[in-house]
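Undergrad: Curious how this folds, go ahead:
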Amino acid sequence: MTESFRRSGEYENPYQGQQQHSGYAQGETPRQPAYLQQQPASAPGNPANPGIPGHPVNPEWPPPPAYEPASATASAGTGASAGTATAPASRRRSRGPIALVAAVAFVAAAIGGGTAYGIQELTGTSGVASSSTSTSVVPTSQKGTVAGVASAVSPSIVEINASSNAGESTGSGVIITSDGEIVTNNHVIAGASQIKVSTSSGKTYTAEVVGTDSKKDLALIKLRNASGLKTATLGDSAGVKVGDQVVAIGSPEGLTGTVTSGIVSALDRDVTVSTDESQGQQQQGGGGGQWPFEFGGRQFNGDTGSSTTTYKALQTDASLNPGNSGGALIDMNGNIIGINSAMYSAADASSSSAGSVGLGFAIPVNTVKADLSTLRAGGSD
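TA: As a prediction, the model looks like this:
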């Protein structure tokens, strides 16, 4: 029992003061314990198993304890012994943020889709592509450019030729469903006995009137035997600001697919137009295609007549000319924000008055979306 106790003490601290070891005579040189004489001068490769050799060490270094301290054992439990478990755990944690981002993106997409669907249901625009003005339909490489907007939206803009006993007129329209529903101005097709529509690809269709609303100067026509058409995306005119860049596409003077650009120069302009169908026929027969309107107490392009209606309009300095009526006013993301409806045209072509004067108006697209169910039901006229 005494020898065993002494060896245990030697193992714990073999180089403490020799006076503490009562087993040696005075002047006797203490010997290294047997286990140190047989062990090579190397640090153990594994503290838990001193028998496994490690790297050479200075023989004066103290040997390791017989067992690891409690603190070391605890740290080993979270470090060395848990080392193999730490890596997978960290890998699992690293996947956490990615999974979270993916989940958030999925929820956002679901909410966005639900919002768009809700807007369509509330406004009666089921089957019509609708989005906020921040949603881009223009390719990323061409985003924010007139060329990008023209390329993306032109296939959805058509030329409308309306014939009546009074003559013919040319206007424009916007495709809103792939089977050929087209929004245009009421004054473009008012009194027409035959309507022909040409797409940007040159294909021609006949169309019939579905519904009209002269109080908003809107009309809905439907192509016969059409399918697979490129539809426009209706934006949100409530988000439009003065100074926003816009693009106008239409068929002024029969020049199909003409593109002009400018800015929104004012909001909520009170524009007054005629609701008299005979007025529309008179303008068609006049050959100029100029639709009279009132703005700011003045009349432009002739007499509006006694039967009129007033609506709030977007004002733009994008060049509009006869034939642009019913065409699209588009934001730089490619969303339709208005239907071009009125523009000032000089009475003559003298050098002092020729050219665009930058005074054009468009019916806000939110008005169009709110009126679609009425138009599909035959209109309010």
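Undergrad: how about low-confidence regions in the protein?
TA: Residue ranges of the chain with pLDDT under 70: 1-126, 276-291, 345-356, 380-381.
Undergrad: 90 instead?
TA: 1-136, 164-169, 187, 190-191, 252-256, 271-311, 321-323, 342-359, 379-381 (pLDDT under 90).
Undergrad: got the contact list for Thr231?
TA: Each residue near Thr231 by Cβ atoms under 8 Å, 6 or more residues apart in numbering is listed here: 128-129, 156, 175-178. The C-beta positions use only the backbone N, C-alpha and C, and glycine is treated the same way.
Undergrad: now, the most widely separated pair of the residues you listed?
TA: Val128 and Ser156 (11.6 Å; Cβ to Cβ).
Undergrad: Tell me what Leu223 is bridged to.
TA: Ala207 (DSSP bridges).
Undergrad: Just to check, it is in contact with Gly180?
TA: Yes - counting by Cβ atoms under 8 Å, Leu223 touches Gly180, with 3.0 Å between them.
Undergrad: what's the overlap in contacts for these two?
TA: In contact with both Leu223 and Gly180: 205, 207, 229, using Cβ under 8 Å, 6+ apart.
Undergrad: before we move on, back to that, show me the contacts of Thr231 that map onto strands.
TA: Ile175 (DSSP state E).
Undergrad: The contacts of Thr231, buried ones only, as a PyMOL selection?
TA: Filtering the contacts of Thr231 down to the buried ones (16 or more other Cβ atoms under 10 Å) takes a single PyMOL command:
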select buried, resi 128+129+156+175+176+177
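Undergrad: Neighbour-wise, which one of the shared contacts of Leu223 and Gly180 leads?
TA: Ala207 (25 neighbours; other Cβ atoms under 10 Å).
Undergrad: Which residues are in contact with Gly323?
TA: Per Cβ under 8 Å, 6+ apart, neighbours of Gly323: 159, 170-172, 250-255, 289.
Undergrad: 7 Å instead, please
TA: 170-172, 250-254, 289 (Cβ atoms under 7 Å, 6 or more residues apart in numbering).
Undergrad: Turn those into CSV, including neighbour count, distance to Ser198 and secondary structure.
TA: Supplementary listing: those in CSV, determined by neighbours: other Cβ atoms under 10 Å; distance: Cβ to Cβ, whole Å; DSSP: H, G, I helix; E, B strand; the rest coil:
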residue, neighbour count, distance to Ser198, secondary structure
Thr170, 23, 10, strand
Gly171, 29, 12, strand
Ser172, 29, 10, strand
Gly250, 30, 12, strand
Ser251, 26, 8, coil
Pro252, 25, 14, helix
Glu253, 12, 14, helix
Gly254, 13, 10, helix
Gly289, 24, 16, coil
